[in-house]
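please find the sequence and the predicted model below.
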Amino acid sequence: MNTEVEVPVDSEIVFYCKKCSEVVEADRIGQKYVYKCKTCSSKEIVFGTYRSIKGCFMKR
Ligand SMILES: [Zn+2]
């Protein structure tokens, strides 16, 4: 069995939830640039390229 983990490429636009502290899927709300986390339903979503999200939020 081969379990493939999806790793976004650096130039891909991703959504990052500050509450979940991870890259998540998000729903766009209305016509503004407001997004809601599909995991925890918070709106503390930031988005950008995976590279920039990694650099800003995923320090380990
Ligand atoms: Zn979340």
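Received it, and whenever you're ready, just let me know what you need.

can you give me the strands in the protein?
13-17, 22-24, 26-29, 34-37, 45-49 (DSSP state E).

just name the most buried of those.
strand 13-17 (a mean of 20; mean count of other C-beta atoms under 10 Å). (Each C-beta comes from the backbone N, C-alpha and C, glycine too.)

spatially nearest residue to the residue nearest the centre of the chain (excluding sequence neighbours)?
Geometric centre of the chain, nearest residue: residue 15, 2.2 Å, by C-alpha atoms, centre = their mean. Of all residues not flanking residue 15 in the chain, residue 26 sits nearest, at 3.9 Å (C-beta to C-beta, 6 or more residues apart in numbering).

show me the contacts for that neighbour.
Residues near residue 26 by C-beta atoms under 8 Å, 6 or more residues apart in numbering: 15, 17, 35-38, 45, 47.

can you say which two of these are spatially most distant?
Greatest spatial distance among the contacts of residue 26 (C-beta to C-beta): 38 and 47, at 13.3 Å.

the contacts of residue 26 into a markdown table, with extra columns for distance to the ion?
Shown next, in a markdown table, are these (distance: C-beta to the ion, whole Å):
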| residue | distance to the ion |
| --- | --- |
| 15 | 9 |
| 17 | 3 |
| 35 | 10 |
| 36 | 9 |
| 37 | 3 |
| 38 | 8 |
| 45 | 8 |
| 47 | 13 |
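
lowest pLDDT pick from these?
Minimum pLDDT across the contacts of residue 26 is recorded for residue 47, with 91.

low-scoring stretches of this structure, by residue?
Applying pLDDT under 70 to the chain flags residues 1-2, 59-60.

just give the number of residues close to residue 3.
4 (other C-beta atoms under 10 Å).
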